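Q: Predicted model and sequence below, questions to follow.
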Number of protein chains: 2
Amino acid sequence: MVTAENAHASPTDADETGERCDAIEDALWASGRELPIVDAPARERADAARNRRRILAAAERLFDELGVDQVSMDAIAAEARVGKGTLFRRFGDRAGLARALVDERERRFQDEFIRGAPPLGPGAPPADRLVAFGIGMLEILEARGELIAAAERRSRQRAGPYPAYCAHIAVLLREAAPAIDADFVADALLGTLSARLVLHQRHERGMPLERLVDGWEDLVRRLLR
Amino acid sequence: MVTAENAHASPTDADETGERCDAIEDALWASGRELPIVDAPARERADAARNRRRILAAAERLFDELGVDQVSMDAIAAEARVGKGTLFRRFGDRAGLARALVDERERRFQDEFIRGAPPLGPGAPPADRLVAFGIGMLEILEARGELIAAAERRSRQRAGPYPAYCAHIAVLLREAAPAIDADFVADALLGTLSARLVLHQRHERGMPLERLVDGWEDLVRRLLR
DNA sequence: GAGTGGAATCGAACTACGGTCCGGTTTCCC
DNA sequence: GGGAAACCGGACCGTAGTTCGATTCCACTC
(Lines give C-alpha, C1' and ligand atoms only; values in the text may rest on other atoms or scores of the structure.)
Protein backbone atom coordinates (compact mmCIF):
# COMPACT_ATOMS: atom_id res chain seq x y z
CA MET A 1 0.00 0.00 0.00
CA VAL A 2 2.90 2.34 0.61
CA THR A 3 4.17 3.01 -2.86
CA ALA A 4 7.54 4.46 -3.72
CA GLU A 5 5.80 7.57 -4.96
CA ASN A 6 4.36 8.58 -1.61
CA ALA A 7 6.89 7.00 0.70
CA HIS A 8 8.36 10.41 1.49
CA ALA A 9 5.62 12.56 0.05
CA SER A 10 5.90 15.43 2.53
CA PRO A 11 6.36 18.75 0.72
CA THR A 12 6.84 20.55 4.01
CA ASP A 13 10.41 19.83 4.90
CA ALA A 14 9.86 20.29 8.62
CA ASP A 15 11.71 17.11 9.27
CA GLU A 16 13.36 17.91 12.58
CA THR A 17 10.15 17.61 14.59
CA GLY A 18 12.15 15.91 17.30
CA GLU A 19 13.82 19.07 18.51
CA ARG A 20 12.93 20.01 22.07
CA CYS A 21 13.55 23.10 24.11
CA ASP A 22 13.87 22.29 27.76
CA ALA A 23 13.80 25.90 28.83
CA ILE A 24 10.38 26.39 27.33
CA GLU A 25 9.10 23.20 28.82
CA ASP A 26 10.31 24.23 32.25
CA ALA A 27 8.67 27.61 31.92
CA LEU A 28 5.43 25.99 30.88
CA TRP A 29 5.55 23.60 33.79
CA ALA A 30 6.25 26.51 36.10
CA SER A 31 3.15 28.22 34.77
CA GLY A 32 1.13 25.22 35.84
CA ARG A 33 0.03 23.76 32.55
CA GLU A 34 0.60 20.58 30.73
CA LEU A 35 2.50 20.51 27.51
CA PRO A 36 0.45 20.47 24.37
CA ILE A 37 0.01 16.93 23.11
CA VAL A 38 0.86 17.51 19.51
CA ASP A 39 4.37 16.10 19.47
CA ALA A 40 5.49 12.70 18.51
CA PRO A 41 5.88 10.39 21.48
CA ALA A 42 9.44 9.76 22.67
CA ARG A 43 9.82 6.68 20.47
CA GLU A 44 7.66 6.88 17.41
CA ARG A 45 7.32 4.08 14.95
CA ALA A 46 8.52 4.80 11.45
CA ASP A 47 5.12 4.35 9.80
CA ALA A 48 3.49 6.54 12.44
CA ALA A 49 5.99 9.32 11.84
CA ARG A 50 5.52 9.10 8.12
CA ASN A 51 1.76 9.24 8.46
CA ARG A 52 1.92 12.15 10.85
CA ARG A 53 3.96 14.15 8.38
CA ARG A 54 1.70 13.22 5.51
CA ILE A 55 -1.39 14.24 7.45
CA LEU A 56 0.04 17.61 8.42
CA ALA A 57 1.17 18.27 4.88
CA ALA A 58 -2.19 17.29 3.43
CA ALA A 59 -4.10 19.42 5.92
CA GLU A 60 -1.90 22.43 5.26
CA ARG A 61 -2.37 22.00 1.52
CA LEU A 62 -6.15 21.66 1.67
CA PHE A 63 -6.66 24.41 4.24
CA ASP A 64 -4.57 26.74 2.14
CA GLU A 65 -6.39 25.89 -1.03
CA LEU A 66 -10.01 25.75 0.12
CA GLY A 67 -10.21 27.57 3.45
CA VAL A 68 -10.11 25.92 6.84
CA ASP A 69 -13.77 25.20 7.34
CA GLN A 70 -14.41 24.02 3.82
CA VAL A 71 -12.24 20.96 4.41
CA SER A 72 -13.64 17.82 6.04
CA MET A 73 -11.57 15.37 8.04
CA ASP A 74 -12.41 12.72 5.43
CA ALA A 75 -10.89 14.90 2.76
CA ILE A 76 -7.71 15.31 4.77
CA ALA A 77 -7.46 11.59 5.38
CA ALA A 78 -7.98 10.88 1.70
CA GLU A 79 -5.48 13.51 0.59
CA ALA A 80 -2.95 12.04 3.02
CA ARG A 81 -3.74 8.51 1.79
CA VAL A 82 -4.46 7.49 5.37
CA GLY A 83 -7.46 6.04 7.19
CA LYS A 84 -9.70 8.19 9.33
CA GLY A 85 -8.82 6.23 12.44
CA THR A 86 -5.18 7.13 12.02
CA LEU A 87 -6.01 10.78 11.65
CA PHE A 88 -8.09 10.90 14.81
CA ARG A 89 -5.79 8.74 16.94
CA ARG A 90 -2.89 11.00 16.05
CA PHE A 91 -4.55 14.36 16.70
CA GLY A 92 -7.57 13.60 18.85
CA ASP A 93 -10.01 15.78 16.95
CA ARG A 94 -10.23 18.59 14.44
CA ALA A 95 -9.10 21.16 16.97
CA GLY A 96 -6.06 19.07 17.83
CA LEU A 97 -5.05 18.92 14.20
CA ALA A 98 -5.43 22.67 13.83
CA ARG A 99 -3.40 23.16 16.99
CA ALA A 100 -0.64 20.97 15.62
CA LEU A 101 -0.46 23.17 12.55
CA VAL A 102 0.01 26.38 14.50
CA ASP A 103 2.05 24.81 17.25
CA GLU A 104 5.45 25.66 15.87
CA ARG A 105 4.57 29.31 15.50
CA GLU A 106 2.99 29.49 18.92
CA ARG A 107 6.01 27.87 20.51
CA ARG A 108 8.27 30.42 18.91
CA PHE A 109 6.02 33.17 20.22
CA GLN A 110 6.07 31.73 23.72
CA ASP A 111 9.81 31.43 23.49
CA GLU A 112 10.20 35.06 22.52
CA PHE A 113 7.85 36.06 25.28
CA ILE A 114 9.61 34.07 27.98
CA ARG A 115 13.23 34.56 27.06
CA GLY A 116 13.48 36.72 23.97
CA ALA A 117 14.51 40.33 23.58
CA PRO A 118 12.57 43.28 25.00
CA PRO A 119 9.99 44.67 24.71
CA LEU A 120 8.33 41.27 24.29
CA GLY A 121 10.82 39.40 26.43
CA PRO A 122 12.04 40.15 29.95
CA GLY A 123 13.77 43.45 30.66
CA ALA A 124 11.14 45.91 29.52
CA PRO A 125 8.50 47.39 31.84
CA PRO A 126 5.50 45.08 32.24
CA ALA A 127 3.12 47.45 30.49
CA ASP A 128 5.38 47.54 27.44
CA ARG A 129 5.67 43.77 27.49
CA LEU A 130 1.89 43.46 27.60
CA VAL A 131 1.51 45.83 24.68
CA ALA A 132 4.07 43.85 22.71
CA PHE A 133 2.32 40.61 23.60
CA GLY A 134 -0.96 41.82 22.16
CA ILE A 135 0.66 43.11 19.01
CA GLY A 136 2.48 39.82 18.50
CA MET A 137 -0.72 37.89 19.05
CA LEU A 138 -2.61 40.09 16.61
CA GLU A 139 0.07 39.46 14.00
CA ILE A 140 -0.23 35.72 14.46
CA LEU A 141 -4.01 35.99 14.19
CA GLU A 142 -3.64 38.03 11.04
CA ALA A 143 -1.59 35.28 9.44
CA ARG A 144 -3.32 32.20 10.85
CA GLY A 145 -6.60 33.38 12.28
CA GLU A 146 -8.83 30.80 10.64
CA LEU A 147 -6.63 27.98 11.83
CA ILE A 148 -6.45 29.29 15.38
CA ALA A 149 -10.21 29.76 15.43
CA ALA A 150 -10.56 26.10 14.48
CA ALA A 151 -8.14 25.16 17.23
CA GLU A 152 -10.16 27.12 19.78
CA ARG A 153 -13.49 25.77 18.62
CA ARG A 154 -14.40 23.51 21.52
CA SER A 155 -13.24 25.35 24.58
CA ARG A 156 -10.63 28.00 24.20
CA GLN A 157 -9.77 28.08 27.88
CA ARG A 158 -9.19 24.38 28.40
CA ALA A 159 -6.71 23.34 25.77
CA GLY A 160 -3.89 24.83 23.79
CA PRO A 161 -1.69 27.68 24.88
CA TYR A 162 -4.41 29.65 26.67
CA PRO A 163 -3.42 28.72 30.23
CA ALA A 164 0.20 29.61 29.55
CA TYR A 165 -0.73 32.97 28.05
CA CYS A 166 -3.05 33.59 30.94
CA ALA A 167 -0.38 32.84 33.52
CA HIS A 168 2.19 35.02 31.82
CA ILE A 169 -0.16 37.95 31.52
CA ALA A 170 -1.17 37.58 35.15
CA VAL A 171 2.46 37.74 36.23
CA LEU A 172 2.96 40.97 34.31
CA LEU A 173 -0.24 42.45 35.70
CA ARG A 174 0.76 41.69 39.28
CA GLU A 175 4.09 43.30 38.65
CA ALA A 176 2.55 46.42 37.17
CA ALA A 177 -0.47 46.80 39.46
CA PRO A 178 -0.47 44.64 42.59
CA ALA A 179 -3.96 45.76 43.59
CA ILE A 180 -5.50 44.22 40.48
CA ASP A 181 -7.24 40.82 40.28
CA ALA A 182 -4.63 39.59 37.87
CA ASP A 183 -6.26 36.31 36.85
CA PHE A 184 -9.58 37.96 36.12
CA VAL A 185 -8.04 40.77 34.10
CA ALA A 186 -5.84 38.31 32.24
CA ASP A 187 -8.99 36.57 31.02
CA ALA A 188 -10.49 39.91 30.11
CA LEU A 189 -7.45 40.95 28.09
CA LEU A 190 -7.19 37.60 26.36
CA GLY A 191 -10.84 37.88 25.40
CA THR A 192 -9.81 40.79 23.22
CA LEU A 193 -7.37 38.47 21.43
CA SER A 194 -9.85 35.67 20.76
CA ALA A 195 -9.50 34.44 17.20
CA ARG A 196 -13.24 34.50 16.55
CA LEU A 197 -13.59 38.06 17.78
CA VAL A 198 -10.59 39.36 15.86
CA LEU A 199 -11.70 37.65 12.66
CA HIS A 200 -15.11 39.23 13.08
CA GLN A 201 -13.65 42.67 13.70
CA ARG A 202 -11.26 42.43 10.79
CA HIS A 203 -13.39 40.87 8.09
CA GLU A 204 -16.99 41.39 9.02
CA ARG A 205 -16.77 44.83 10.60
CA GLY A 206 -13.83 45.92 8.47
CA MET A 207 -11.71 47.28 11.33
CA PRO A 208 -8.13 47.68 10.14
CA LEU A 209 -5.35 45.88 11.96
CA GLU A 210 -3.81 49.14 13.15
CA ARG A 211 -7.02 50.02 14.91
CA LEU A 212 -6.92 46.78 16.87
CA VAL A 213 -3.28 47.38 17.72
CA ASP A 214 -3.98 50.92 18.90
CA GLY A 215 -7.05 49.77 20.78
CA TRP A 216 -5.06 47.09 22.57
CA GLU A 217 -2.30 49.50 23.54
CA ASP A 218 -4.78 52.06 24.82
CA LEU A 219 -6.65 49.40 26.76
CA VAL A 220 -3.51 48.17 28.49
CA ARG A 221 -2.24 51.66 29.27
CA ARG A 222 -5.57 52.73 30.71
CA LEU A 223 -5.73 49.69 32.94
CA LEU A 224 -2.23 50.11 34.27
CA ARG A 225 -1.88 53.83 34.55
CA MET B 1 -51.97 12.52 16.29
CA VAL B 2 -52.67 15.52 18.46
CA THR B 3 -54.19 14.06 21.58
CA ALA B 4 -56.17 15.96 24.16
CA GLU B 5 -53.38 15.30 26.63
CA ASN B 6 -50.73 17.27 24.79
CA ALA B 7 -52.94 19.78 23.05
CA HIS B 8 -51.86 22.48 25.50
CA ALA B 9 -48.97 20.66 27.10
CA SER B 10 -46.83 23.75 27.72
CA PRO B 11 -45.72 23.97 31.37
CA THR B 12 -44.13 27.33 30.65
CA ASP B 13 -47.01 29.71 30.79
CA ALA B 14 -45.34 32.25 28.53
CA ASP B 15 -48.45 32.45 26.46
CA GLU B 16 -48.44 36.12 25.58
CA THR B 17 -45.52 35.91 23.16
CA GLY B 18 -47.31 38.39 20.98
CA GLU B 19 -46.62 41.37 23.20
CA ARG B 20 -44.42 43.93 21.54
CA CYS B 21 -42.62 46.96 22.84
CA ASP B 22 -42.16 49.56 20.17
CA ALA B 23 -39.74 51.58 22.25
CA ILE B 24 -37.36 48.65 22.47
CA GLU B 25 -37.73 47.92 18.81
CA ASP B 26 -36.96 51.49 17.93
CA ALA B 27 -33.93 51.50 20.16
CA LEU B 28 -32.73 48.31 18.59
CA TRP B 29 -33.23 49.69 15.12
CA ALA B 30 -31.38 52.81 16.15
CA SER B 31 -28.48 50.64 17.23
CA GLY B 32 -28.34 49.22 13.74
CA ARG B 33 -29.43 45.65 14.28
CA GLU B 34 -32.26 43.47 13.19
CA LEU B 35 -34.71 42.09 15.66
CA PRO B 36 -34.08 38.55 16.83
CA ILE B 37 -36.11 36.08 14.78
CA VAL B 38 -37.47 33.98 17.58
CA ASP B 39 -41.04 35.22 17.65
CA ALA B 40 -44.01 33.82 15.96
CA PRO B 41 -44.76 35.51 12.65
CA ALA B 42 -47.51 38.09 12.68
CA ARG B 43 -50.17 35.56 11.72
CA GLU B 44 -49.33 32.08 12.92
CA ARG B 45 -51.35 29.04 12.08
CA ALA B 46 -52.90 27.18 14.99
CA ASP B 47 -50.95 23.97 14.48
CA ALA B 48 -47.73 25.91 14.10
CA ALA B 49 -48.33 27.74 17.36
CA ARG B 50 -49.17 24.52 19.15
CA ASN B 51 -46.02 22.85 17.86
CA ARG B 52 -43.85 25.82 18.75
CA ARG B 53 -45.09 25.70 22.32
CA ARG B 54 -44.63 21.95 22.53
CA ILE B 55 -41.08 22.18 21.21
CA LEU B 56 -40.11 24.90 23.66
CA ALA B 57 -41.65 22.98 26.55
CA ALA B 58 -39.95 19.75 25.55
CA ALA B 59 -36.59 21.44 25.15
CA GLU B 60 -36.87 23.15 28.51
CA ARG B 61 -37.79 19.86 30.16
CA LEU B 62 -34.95 17.87 28.62
CA PHE B 63 -32.33 20.57 29.07
CA ASP B 64 -33.31 20.86 32.71
CA GLU B 65 -33.24 17.15 33.27
CA LEU B 66 -30.13 16.09 31.37
CA GLY B 67 -28.05 19.20 30.81
CA VAL B 68 -28.05 21.30 27.68
CA ASP B 69 -25.39 19.52 25.70
CA GLN B 70 -26.55 16.04 26.57
CA VAL B 71 -29.74 16.54 24.57
CA SER B 72 -29.87 15.94 20.83
CA MET B 73 -32.25 17.67 18.48
CA ASP B 74 -33.77 14.29 17.67
CA ALA B 75 -34.57 13.79 21.32
CA ILE B 76 -36.28 17.17 21.52
CA ALA B 77 -38.33 16.45 18.42
CA ALA B 78 -39.35 13.07 19.80
CA GLU B 79 -40.22 14.47 23.22
CA ALA B 80 -42.31 17.16 21.54
CA ARG B 81 -43.96 14.54 19.29
CA VAL B 82 -42.93 16.56 16.29
CA GLY B 83 -40.86 15.84 13.18
CA LYS B 84 -37.33 17.08 12.90
CA GLY B 85 -38.19 19.26 9.96
CA THR B 86 -40.70 21.18 12.03
CA LEU B 87 -38.13 21.76 14.75
CA PHE B 88 -35.53 23.13 12.37
CA ARG B 89 -37.91 25.21 10.27
CA ARG B 90 -39.20 26.88 13.40
CA PHE B 91 -35.88 27.71 15.05
CA GLY B 92 -33.31 27.49 12.28
CA ASP B 93 -30.76 25.55 14.25
CA ARG B 94 -29.75 24.48 17.72
CA ALA B 95 -28.50 27.93 18.62
CA GLY B 96 -31.77 29.45 17.50
CA LEU B 97 -33.72 27.14 19.76
CA ALA B 98 -31.50 28.00 22.71
CA ARG B 99 -31.91 31.67 21.92
CA ALA B 100 -35.67 31.31 21.90
CA LEU B 101 -35.51 29.83 25.39
CA VAL B 102 -33.56 32.74 26.84
CA ASP B 103 -35.17 35.36 24.73
CA GLU B 104 -37.82 36.49 27.19
CA ARG B 105 -35.27 37.03 29.91
CA GLU B 106 -32.91 38.86 27.60
CA ARG B 107 -35.67 41.10 26.38
CA ARG B 108 -36.57 41.99 29.91
CA PHE B 109 -32.92 42.79 30.55
CA GLN B 110 -32.67 44.95 27.45
CA ASP B 111 -35.84 46.68 28.50
CA GLU B 112 -34.49 47.47 31.96
CA PHE B 113 -31.26 48.63 30.43
CA ILE B 114 -32.87 50.95 27.90
CA ARG B 115 -35.73 52.38 29.89
CA GLY B 116 -35.70 50.90 33.40
CA ALA B 117 -34.69 52.49 36.67
CA PRO B 118 -31.15 53.58 37.51
CA PRO B 119 -28.46 52.45 37.98
CA LEU B 120 -29.14 50.02 35.11
CA GLY B 121 -31.43 52.32 33.23
CA PRO B 122 -30.93 55.95 32.16
CA GLY B 123 -30.30 58.59 34.80
CA ALA B 124 -27.25 57.18 36.54
CA PRO B 125 -23.69 58.10 35.52
CA PRO B 126 -22.47 55.96 32.63
CA ALA B 127 -19.85 54.18 34.73
CA ASP B 128 -22.49 53.08 37.21
CA ARG B 129 -24.72 51.92 34.40
CA LEU B 130 -21.90 49.88 32.95
CA VAL B 131 -21.20 48.28 36.30
CA ALA B 132 -24.87 47.45 36.69
CA PHE B 133 -24.97 46.03 33.17
CA GLY B 134 -22.18 43.60 33.93
CA ILE B 135 -23.71 42.52 37.19
CA GLY B 136 -27.06 41.93 35.53
CA MET B 137 -25.42 39.96 32.76
CA LEU B 138 -23.49 37.85 35.25
CA GLU B 139 -26.72 37.06 37.08
CA ILE B 140 -28.36 35.93 33.87
CA LEU B 141 -25.33 33.81 33.06
CA GLU B 142 -25.45 32.31 36.54
CA ALA B 143 -29.02 31.20 35.98
CA ARG B 144 -28.89 30.26 32.30
CA GLY B 145 -25.23 30.03 31.38
CA GLU B 146 -25.37 26.66 29.67
CA LEU B 147 -28.26 27.73 27.51
CA ILE B 148 -26.64 31.01 26.53
CA ALA B 149 -23.42 29.21 25.71
CA ALA B 150 -25.42 27.00 23.36
CA ALA B 151 -27.02 30.08 21.82
CA GLU B 152 -23.59 31.64 21.24
CA ARG B 153 -22.05 28.49 19.84
CA ARG B 154 -21.75 29.42 16.17
CA SER B 155 -20.67 33.01 16.21
CA ARG B 156 -21.39 35.07 19.24
CA GLN B 157 -20.92 38.38 17.47
CA ARG B 158 -23.22 37.74 14.55
CA ALA B 159 -26.52 36.67 16.02
CA GLY B 160 -28.52 37.22 19.16
CA PRO B 161 -28.38 40.27 21.36
CA TYR B 162 -24.64 40.86 21.01
CA PRO B 163 -24.86 43.79 18.58
CA ALA B 164 -27.41 45.52 20.76
CA TYR B 165 -25.31 45.07 23.89
CA CYS B 166 -22.29 46.26 22.01
CA ALA B 167 -24.00 49.39 20.77
CA HIS B 168 -25.38 50.29 24.18
CA ILE B 169 -22.05 49.82 25.89
CA ALA B 170 -20.35 51.89 23.25
CA VAL B 171 -22.79 54.74 23.86
CA LEU B 172 -22.02 54.69 27.56
CA LEU B 173 -18.31 54.55 26.93
CA ARG B 174 -18.42 57.55 24.62
CA GLU B 175 -20.36 59.45 27.22
CA ALA B 176 -17.90 58.59 29.99
CA ALA B 177 -14.64 58.84 28.04
CA PRO B 178 -14.86 60.48 24.62
CA ALA B 179 -11.20 59.76 23.85
CA ILE B 180 -11.75 56.01 23.96
CA ASP B 181 -12.28 53.72 20.96
CA ALA B 182 -15.72 52.84 22.18
CA ASP B 183 -16.52 50.02 19.76
CA PHE B 184 -13.25 48.27 20.42
CA VAL B 185 -13.54 48.55 24.18
CA ALA B 186 -17.17 47.43 24.04
CA ASP B 187 -16.01 44.19 22.44
CA ALA B 188 -13.30 43.88 25.06
CA LEU B 189 -15.74 44.34 27.92
CA LEU B 190 -18.29 41.97 26.42
CA GLY B 191 -15.56 39.38 26.07
CA THR B 192 -15.45 39.30 29.85
CA LEU B 193 -19.16 38.42 29.84
CA SER B 194 -18.91 35.59 27.33
CA ALA B 195 -20.95 32.61 28.51
CA ARG B 196 -18.15 30.14 27.78
CA LEU B 197 -15.60 32.15 29.72
CA VAL B 198 -17.83 32.76 32.70
CA LEU B 199 -18.85 29.10 32.90
CA HIS B 200 -15.20 28.15 32.82
CA GLN B 201 -14.30 30.62 35.54
CA ARG B 202 -17.21 29.62 37.74
CA HIS B 203 -17.18 25.85 37.44
CA GLU B 204 -13.77 24.80 36.21
CA ARG B 205 -11.63 27.34 37.99
CA GLY B 206 -13.96 27.69 40.96
CA MET B 207 -14.06 31.48 40.97
CA PRO B 208 -17.02 32.65 43.06
CA LEU B 209 -19.62 34.91 41.50
CA GLU B 210 -18.72 37.80 43.78
CA ARG B 211 -15.20 37.72 42.47
CA LEU B 212 -16.43 38.12 38.92
CA VAL B 213 -18.71 40.94 40.00
CA ASP B 214 -15.89 42.72 41.82
CA GLY B 215 -13.53 42.10 38.94
CA TRP B 216 -16.00 43.57 36.48
CA GLU B 217 -16.58 46.67 38.59
CA ASP B 218 -12.86 47.22 39.09
CA LEU B 219 -12.23 46.75 35.38
CA VAL B 220 -14.85 49.33 34.41
CA ARG B 221 -13.73 51.85 37.01
CA ARG B 222 -10.10 51.54 36.01
CA LEU B 223 -10.92 52.05 32.37
CA LEU B 224 -13.04 55.12 32.99
CA ARG B 225 -11.24 56.87 35.82
C1' DG C 1 21.59 -11.47 9.90
C1' DA C 2 17.22 -14.20 9.94
C1' DG C 3 13.37 -15.40 12.83
C1' DT C 4 9.79 -14.47 16.17
C1' DG C 5 6.58 -12.77 19.80
C1' DG C 6 3.81 -9.19 20.96
C1' DA C 7 2.67 -4.54 21.17
C1' DA C 8 1.70 -0.45 18.55
C1' DT C 9 -0.58 1.02 14.66
C1' DC C 10 -3.58 0.97 10.59
C1' DG C 11 -7.95 1.91 8.26
C1' DA C 12 -12.63 0.67 6.53
C1' DA C 13 -16.99 0.03 8.39
C1' DC C 14 -19.99 1.96 11.81
C1' DT C 15 -22.59 5.26 14.99
C1' DA C 16 -24.69 9.49 16.20
C1' DC C 17 -25.80 13.95 15.33
C1' DG C 18 -27.00 18.43 12.98
C1' DG C 19 -29.30 19.96 9.28
C1' DT C 20 -32.09 19.63 4.55
C1' DC C 21 -35.76 18.17 1.32
C1' DC C 22 -40.12 17.37 -0.56
C1' DG C 23 -44.59 14.85 -1.13
C1' DG C 24 -48.59 14.84 1.50
C1' DT C 25 -51.67 17.17 4.85
C1' DT C 26 -53.83 20.83 7.52
C1' DT C 27 -55.46 25.37 8.13
C1' DC C 28 -57.39 29.54 6.97
C1' DC C 29 -59.81 32.84 4.15
C1' DC C 30 -63.32 33.73 1.08
C1' DG D 1 -67.21 24.14 0.56
C1' DG D 2 -63.20 24.95 -2.11
C1' DG D 3 -58.67 26.43 -3.24
C1' DA D 4 -54.15 28.11 -2.17
C1' DA D 5 -50.67 28.84 1.03
C1' DA D 6 -48.49 27.35 4.98
C1' DC D 7 -47.05 23.68 7.43
C1' DC D 8 -45.86 18.83 8.74
C1' DG D 9 -42.67 15.05 9.35
C1' DG D 10 -39.90 11.23 8.10
C1' DA D 11 -36.43 9.83 4.86
C1' DC D 12 -32.15 11.47 3.55
C1' DC D 13 -27.26 13.65 3.48
C1' DG D 14 -22.63 14.92 5.02
C1' DT D 15 -19.60 15.11 8.81
C1' DA D 16 -17.13 14.30 13.37
C1' DG D 17 -15.63 10.84 15.91
C1' DT D 18 -15.25 5.41 17.45
C1' DT D 19 -14.31 0.51 17.03
C1' DC D 20 -11.88 -3.53 16.32
C1' DG D 21 -9.87 -7.19 13.44
C1' DA D 22 -5.92 -7.21 10.39
C1' DT D 23 -1.40 -5.56 9.66
C1' DT D 24 3.12 -3.63 10.44
C1' DC D 25 7.03 -2.72 13.03
C1' DC D 26 10.59 -3.27 16.47
C1' DA D 27 13.35 -5.42 20.14
C1' DC D 28 15.34 -9.40 21.23
C1' DT D 29 17.18 -14.09 20.56
C1' DC D 30 19.96 -17.30 18.48
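A: Thanks, I have the structure now. Numbers count the residues shown, from 1 in each chain, chains lettered A, B, ... in the order given.
Q: Going by secondary structure, residue A:96 is in what exactly?
A: Element membership of residue A:96, judged by DSSP states H and E, is helix A:94-115.
Q: Buried residues, stretch A:66-76. List them.
A: Buried residues in stretch A:66-76, counted by 16 or more other Cβ atoms under 10 Å in any protein chain shown: A:68, A:71, A:76. Every C-beta, even on glycine, is put in place using the N, C-alpha and C of the backbone.
Q: In chain A, what residue comes closest to chain B?
A: Nearest to chain B in chain A, going by Cβ to the nearest Cβ, is residue A:191, at a distance of 2.6 Å.
Q: so that residue sits in a helix?
A: Yes - looking at residue A:191 with DSSP: H, G, I helix; E, B strand; the rest coil, it is inside a helix.
Q: For the residue nearest to it when sequence neighbours are not counted, list the residues it contacts.
A: In this structure, residue A:191 finds its nearest non-sequential neighbour in residue B:191, 2.6 Å apart by Cβ to Cβ, 6 or more residues apart in numbering or on different chains. By Cβ atoms under 8 Å, 6 or more residues apart in numbering or on different chains, the contact list for residue B:191 reads A:188, A:191-192, A:194, A:197, B:197.
Q: Most neighbours among those, which one?
A: Counting neighbours by other Cβ atoms under 10 Å in any protein chain shown, residue A:192 leads the contacts of residue B:191 with 24 neighbours.
Q: Which helix runs longest in chain A?
A: Counting by DSSP state H, the longest helix found in chain A is helix A:126-151.
Q: Does the next helix or strand along the chain from that one pack against any helices or strands, and if so which?
A: Downstream of helix A:126-151, the first helix or strand assigned by DSSP H and E is helix A:162-176. Secondary-structure packing of helix A:162-176 (3 or more Cβ pairs under 8 Å, 6 or more residues apart in numbering or on different chains; DSSP states H and E): helix A:94-115, helix A:126-151, helix A:182-192.
Q: mind listing what's buried in helix A:162-176?
A: So helix A:162-176, judged by 16+ other Cβ under 10 Å, has buried residues A:162-170, A:172-174, A:176.
Q: can you check stretch A:86-96 too?
A: Buried, per 16+ other Cβ under 10 Å, within stretch A:86-96: A:86-87, A:90-91, A:94-96.
Q: Also within reach of DNA strand D: list those from these.
A: A:94-95 (Cβ under 7 Å from any atom of the strand).
Q: Can you get me a residue count around residue A:80?
A: Neighbours of residue A:80 (other Cβ under 10 Å): 24.
Q: How about the contacts made by it?
A: A:51, A:54-55, A:57-59, A:87.
Q: please redo it, this time with the cut-off set to 7 Å
A: When contacts are counted by Cβ atoms under 7 Å, 6 or more residues apart in numbering or on different chains, residue A:80 touches A:54-55, A:58.
Q: List the ones among those that fall in helices.
A: Using DSSP H, the contacts of residue A:80 in helices are A:54-55, A:58.
Q: List the residues that contact the residue most central in space within chain A.
A: Residue closest to the mean C-alpha point of chain A, counted by Cα atoms, centre = their mean, is residue A:106 at 4.3 Å. Counting by Cβ under 7 Å, 6+ apart, residue A:106 touches residue A:161.
Q: Just confirm yes or no for stretch A:210-225 near chain B.
A: Yes - Stretch A:210-225 is in contact with chain B by Cβ under 7 Å from any Cβ of the partner chain, via A:211, A:215, A:218-219, A:222-223.
Q: got the residues of chain A near chain B?
A: Near chain B, when you scan chain A using Cβ under 7 Å from any Cβ, you find A:155, A:157, A:181, A:184-185, A:187-188, A:191-192, A:194, A:196-197, A:200-201, A:211, A:215, A:218-219, A:222-223.
Q: Check those residues for burial and list the buried ones.
A: Going by neighbour count (16+ other Cβ under 10 Å), those have A:155, A:157, A:181, A:184-185, A:187-188, A:191-192, A:194, A:196-197, A:200-201, A:211, A:215, A:218-219, A:222-223 buried.
Q: any idea of the pLDDT on residue A:47?
A: In this model, residue A:47 is scored at 79, pLDDT.
Q: hmm, which helix or strand of chain A has the shakiest average pLDDT?
A: Counting by mean pLDDT, DSSP states H and E, chain A has its least confident helix or strand at helix A:22-30, which shows a mean of 34.
Q: List the contacts of residue A:166.
A: Taking Cβ under 7 Å, 6+ apart, one finds A:186-187, A:190 in contact with residue A:166.
Q: Just the closest of these to DNA strand D, please.
A: Nearest to DNA strand D, judged by Cβ to the nearest atom of the strand, of the contacts of residue A:166 is residue A:190 at 23.1 Å.
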